[in-house]
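Provide a 3D model corresponding to the input given below.
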Amino acid sequence: MTGWPDPPTAEERPFISEKYRDLPALGRLTGRGGTANLEVVLKSKPDLILDFGSVRETYVSLAENVQQQTNIPYVLIDGRFEATPAALRLLGDVLGLSERGERLAKYVEDTFVQIDAALAATPIDKRPRVYLARGPDGLETGVQGSINTEIIERAGGRNVAAAAGQKGLVRVSMEQLIVADPEIIITWDRNFFDRVFKDPLWVGIRAVRDGRVFLAPTAPFGWIDRPPSLNRVIGLRWLAGLFYPDTFPEDLRETTRTFYRLFYHVEPTEPQLDTLIAWSKGQAPSRQQPARR
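Numbering: from 1, shown residues only. From the prediction side, this is the model:
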């Protein structure tokens, strides 16, 4: 690994292996807000460029252009949640780490199987109605089936943001939310979380009224998004427990410890685990730097 798209923040650094946390920030080559300078990237002398995310034609074209400009092999890997095990096996083969790729893939597959089996007896119309609130006003969200919200649906929630013909991220109105009246709201934005229970526009919504607005941890990466990548696997287990506490009574502390050890190469201390568990209950640590957007 030669660098980060964005530098890890002060609160993210403890959850990143020392081997990687001080690597330089090289910017983003593709996607929203591409900021990387190809000359800077080339100076880091990478042997390979890895891109995990959308494999739509637009991104294939961007990958081909970067590969032509740099003469560096560019591997574009399908980032859909359901494709995660296959992506990990492919990445393991590409990097010559097939055994580790298989181990990670098996962890994800076992998680999927466990959750799918437990949810099989719950009809769609009996599943909780959920809204993902993005941004400080909470009015940006992902429509049903988007890469940003597929984790909610996979954990057994019904995304209330379903709009025919719309894809990806959208803006919704307060009136639409009042009509949708979600039972649960998930957010990673602390500004929104800090004010939602006092905002007169939100207090009438069922999730707010019932105290069922949950703040997702974002260290070192978001549990539900930011980015929509492998980090969502711990979020999947967390959400399943929120949506169905009687069905998934697992020890979130031990689950978190295992996931961070396996995927991030770190052994969280007891105080660090305290922080993550408290964060998942709405008690985020005081900001030392602006959170990554």
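
all strands of the stretch 1-150 of the chain, in order?
49-53, 74-78, 129-133, 140-142 (DSSP state E, counting those that start in this stretch).

which one of those strands has the lowest average pLDDT?
Lowest mean pLDDT within these: strand 49-53, a mean of 90.

other SSEs contacting it?
Contact analysis of strand 49-53 by 3 or more Cβ pairs under 8 Å, 6 or more residues apart in numbering; DSSP states H and E lists helix 57-70, strand 74-78, helix 84-95 as its packing neighbours. Yep, even glycine has a C-beta here, placed from its N, CA and C like the rest.

Please save the CA atoms from stretch 36-51 in PDB.
Provided in PDB are the C-alpha atoms of stretch 36-51 (Å, rounded to 0.1, in the frame of the first residue of the first chain):
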ATOM      1  CA  ALA A  36      -5.300  12.900  -7.200                       C
ATOM      2  CA  ASN A  37      -2.500  14.300  -9.200                       C
ATOM      3  CA  LEU A  38      -1.200  11.500 -11.500                       C
ATOM      4  CA  GLU A  39       2.300  12.700 -11.200                       C
ATOM      5  CA  VAL A  40       2.100  12.500  -7.400                       C
ATOM      6  CA  VAL A  41       0.600   9.000  -7.700                       C
ATOM      7  CA  LEU A  42       3.400   7.900 -10.000                       C
ATOM      8  CA  LYS A  43       6.100   9.100  -7.600                       C
ATOM      9  CA  SER A  44       4.800   6.600  -5.100                       C
ATOM     10  CA  LYS A  45       5.700   3.900  -7.600                       C
ATOM     11  CA  PRO A  46       2.700   1.600  -7.200                       C
ATOM     12  CA  ASP A  47       2.800  -1.700  -9.000                       C
ATOM     13  CA  LEU A  48      -1.000  -1.900  -9.100                       C
ATOM     14  CA  ILE A  49      -4.000   0.400  -8.700                       C
ATOM     15  CA  LEU A  50      -7.000  -1.200  -7.000                       C
ATOM     16  CA  ASP A  51     -10.500   0.300  -7.300                       C
END
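
re earlier: would you point to the one among the strands of the stretch 1-150 of the chain that's packed deepest?
strand 129-133 (a mean of 24; mean count of other Cβ atoms under 10 Å).

quick one: contacts of that one?
For strand 129-133, contacts defined as Cβ atoms under 8 Å, 6 or more residues apart in numbering pick out 139-142, 148-149, 152, 157-161, 177, 180-187, 189, 192, 196, 207, 213, 224-225, 243.

what does stretch 254-271 give?
Against stretch 254-271 from outside (Cβ under 8 Å, 6+ apart): 14-17, 19, 103-104, 107, 220, 230-231, 233-234, 237, 273, 276-277.

out of those residues, which are inside helices?
Judged by DSSP state H, these include 19, 103, 104, 107, 233, 234, 237, 273, 276, 277 as members of helices.

Show the buried residues in those.
104, 107, 233, 234, 237, 273, 276 (16 or more other Cβ atoms under 10 Å).

Can I get those residues in JSON lines including pLDDT and distance to residue 8?
Listed next are those as JSON lines, based on pLDDT from 0 to 100; distance: Cβ to Cβ, whole Å:
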{"residue": "104", "pLDDT": "98", "distance to residue 8": "21"}
{"residue": "107", "pLDDT": "98", "distance to residue 8": "24"}
{"residue": "233", "pLDDT": "97", "distance to residue 8": "20"}
{"residue": "234", "pLDDT": "97", "distance to residue 8": "17"}
{"residue": "237", "pLDDT": "96", "distance to residue 8": "23"}
{"residue": "273", "pLDDT": "97", "distance to residue 8": "19"}
{"residue": "276", "pLDDT": "97", "distance to residue 8": "16"}
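
With respect to residue 248, which of those is nearest?
Of all these, residue 237 has the smallest distance to residue 248: 7.5 Å, by Cβ to Cβ.

Quick check, the closest one in contact with residue 251.
No. The pair residue 237 and residue 251 does not pass the contact test of Cβ atoms under 8 Å, sitting 10.6 Å apart.

By mean pLDDT, flag the weakest helix or strand of this protein.
Least confident helix or strand of the chain, by mean pLDDT, DSSP states H and E, is helix 38-43 with a mean of 82.

for it, packing partners?
Short answer (3+ Cβ pairs under 8 Å, 6+ apart): helix 38-43 packs on helix 57-70.

Please identify the buried residues of the helix it packs on?
Per 16+ other Cβ under 10 Å, helix 57-70 contains these buried residues: 59, 62, 63, 66, 70.

Alpha carbons of stretch 53-65, as PDB, please.
As requested, the backbone C-alpha atoms of stretch 53-65 are provided in PDB (Å, rounded to 0.1, in the frame of the first residue of the first chain):
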ATOM      1  CA  GLY A  53     -16.800   0.000  -6.200                       C
ATOM      2  CA  SER A  54     -19.000   0.500  -9.200                       C
ATOM      3  CA  VAL A  55     -18.200  -1.400 -12.400                       C
ATOM      4  CA  ARG A  56     -20.600   0.500 -14.500                       C
ATOM      5  CA  GLU A  57     -19.300   1.500 -18.000                       C
ATOM      6  CA  THR A  58     -18.400   5.000 -16.800                       C
ATOM      7  CA  TYR A  59     -15.900   3.600 -14.200                       C
ATOM      8  CA  VAL A  60     -14.600   1.000 -16.600                       C
ATOM      9  CA  SER A  61     -13.800   3.900 -19.000                       C
ATOM     10  CA  LEU A  62     -12.100   5.900 -16.200                       C
ATOM     11  CA  ALA A  63     -10.100   2.800 -15.200                       C
ATOM     12  CA  GLU A  64      -8.900   2.300 -18.800                       C
ATOM     13  CA  ASN A  65      -7.900   5.900 -19.200                       C
END
